[in-house]
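Asker: generate a structure from the sequence data that follows.
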Amino acid sequence: MNIIINCKHMELTPTIKDYTEEKIGKFEKYISNITEAIVTLSVEKYRHRAEVLLKVNGLMIQAESITEEMYSSIDEVVDKLERQVKKYKEKIASHRKGKSKSEPLPKAEKTTPLIIKKKAFDIKPMAIEEAAMQMDLLDKVFFVFTNASSGDINVLYKRKDGNFGLIEPVK
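Answerer: Just a heads-up that it's a prediction; the model follows:
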């Protein structure tokens, strides 16, 4: 696994680097196919933020923690990642058995019409069920993906009734 540590408004000390690599490195025991772990550590006044993005088989598992001390932020984000990794492994196991679990996702927050953040990431072809799992792991209310069966860009979203909706282009 390739561990990339980025720092904002702070200097990366060897002790923090070793501590972070040790904590994140233990996820290789649980999931062998983690290709990359991107860790972002930042300090804003008394807020110490640790954010981790694990890339697993084209899926992304993300967690973030903010505390008053960097080591506790790292510990807390690792705890959050452990819960998400367990959820990922349970979903993989349930898909192998032919069962599907559907858990309600958090409600969408109201946003302003301004674009305040822009993200770019690779869109790989995947099945609708895999996209639903990815959306759940990222804890998002929608997910844009390339449908493996049709080759088209689709949008999967969480409905108010707790089910999912799928938007497909008309041909």
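
Asker: who's in contact with F121?
Answerer: For F121, the contact set (Cβ atoms under 8 Å, 6 or more residues apart in numbering) comprises M60. The C-beta positions use only the backbone N, C-alpha and C, and glycine is treated the same way.

Asker: look at M10 and report its pLDDT.
Answerer: M10 carries a pLDDT score of 91 in this model.

Asker: what strand or helix carries the nearest residue to it once chain neighbours are set aside?
Answerer: Once flanking residues are discounted, M10 sits nearest to V43: 4.5 Å by Cβ to Cβ, 6 or more residues apart in numbering. Element membership for V43, per DSSP states H and E: strand 34-44.

Asker: okay, now the sheet partners of the helix or strand following that strand, with direction.
Answerer: Next helix or strand after strand 34-44 toward the C-terminus (DSSP H and E): strand 47-56. Here strand 47-56 has these sheet partners by DSSP bridges: strand 34-44 (antiparallel), strand 59-67 (antiparallel).

Asker: now tabulate the ones you listed in JSON lines and tack on distance to E76, mean pLDDT and mean neighbour count.
Answerer: Formatted as JSON lines, the strands paired with strand 47-56 follow (distance: least, Cβ to Cβ, whole Å; pLDDT from 0 to 100; neighbours: other Cβ atoms under 10 Å):
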{"stretch": "strand 34-44", "distance to E76": "13", "mean pLDDT": "92", "mean neighbour count": "17"}
{"stretch": "strand 59-67", "distance to E76": "4", "mean pLDDT": "90", "mean neighbour count": "18"}
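
Asker: distance to E82 added to those strands, as CSV?
Answerer: Shown next, in CSV, are the strands paired with strand 47-56 (distance: least, Cβ to Cβ, whole Å):
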stretch, distance to E82
strand 34-44, 13
strand 59-67, 9
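
Asker: tell me the secondary structure for E76?
Answerer: helix (DSSP: H, G, I helix; E, B strand; the rest coil).

Asker: how close does it sit to N163?
Answerer: Using Cβ to Cβ, to the nearest Å, E76 is found at 32 Å from N163.

Asker: for the helix or strand of the chain with the lowest mean pLDDT, which outside residues touch it?
Answerer: When the helices and strands of the chain are scored by mean pLDDT, DSSP states H and E, helix 27-30 comes last with a mean of 83. Applying Cβ under 8 Å, 6+ apart, the external contacts of helix 27-30 come out as 1, 34, 37, 54, 81-82, 85, 89.

Asker: over to stretch 88-97?
Answerer: For stretch 88-97, the external contacting residues (Cβ under 8 Å, 6+ apart) are 30-31, 56, 59, 61, 100-101, 129, 133, 136-137.

Asker: in that stretch, what's buried?
Answerer: Within stretch 88-97, the residues that qualify as buried are 88, 91, counting by 16 or more other Cβ atoms under 10 Å.

Asker: thanks again, I'm all set now.
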